[in-house]
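Asker: Kindly return the folded structure for what I paste below:
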Amino acid sequence: MIKKRIKKIFKLTVLIAARQIWKLLSNLYHLMTEPFLTLKTLIREKDKSQIFLISLIFLMPVIAYFLARIVWDYYRYGLIINDVGVFFTLAIVVQIILLLYLGYWVMKVIGKRHD
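Answerer: Next up is the predicted model:
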C-alpha cells in the first residue's frame, strides 16, 4: 500500500518536473525570438513558477561565480580574498546585459498593458 503511494507520488513528481522543464526551455527559446509575446503571456497567465525559474536562470551567472569563488578561495587559501579579478567583472557584465535585456522587454509589456 505504501509502496504503491510512493510510486504514484514519484510518477506525479516526474511528470510535473518534465512539464516545468519543457515550459522553461520553451519560454527561454521564445524569450530570444519573441520576448514581448512571451513576457505578455507569462504576466497574463500569472505563472509564478515559470517567472521564478526564468528569473533564476538570468541570475545564475553571478550566483555560480560567487559560489565557485567561495569554494575555490576556501580550498586554495583558507579564506575569501577581497580582490575579485577579471572573471568577476565578466560575470557582472554578462549579468547586467541579461538583466537589461529582460528589464527592457518587461517594461515594454507593462507599458503596453497600461495604455
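Asker: so where do the strands sit in the protein?
Answerer: Applying DSSP state E to the chain gives no strands.
Asker: Low-confidence ranges, it, go.
Answerer: Scanning the chain with the threshold set as pLDDT under 70 gives 79-85, 113-115.
Asker: for it, what spans make up the helices?
Answerer: 2-33, 35-45, 48-76, 85-114 (DSSP state H).
Asker: Hey, what's the angle from the longest one to helix 48-76? Just curious.
Answerer: If you take axes from the mean of the first three to the mean of the last three C-alpha atoms, to 10 degrees, helix 2-33 sits at 90 degrees to helix 48-76.
Asker: which other helices and strands contact helix 2-33?
Answerer: Packing partners of helix 2-33 (3 or more C-beta pairs under 8 Å, 6 or more residues apart in numbering; DSSP states H and E): helix 35-45, helix 48-76. For every residue, glycine as well, the C-beta is placed using N, CA and C.
Asker: what's the closest of the ones you listed to residue 111?
Answerer: Closest approach to residue 111 among the helices and strands packed on helix 2-33 is made by helix 35-45 (10.6 Å; C-beta to C-beta).
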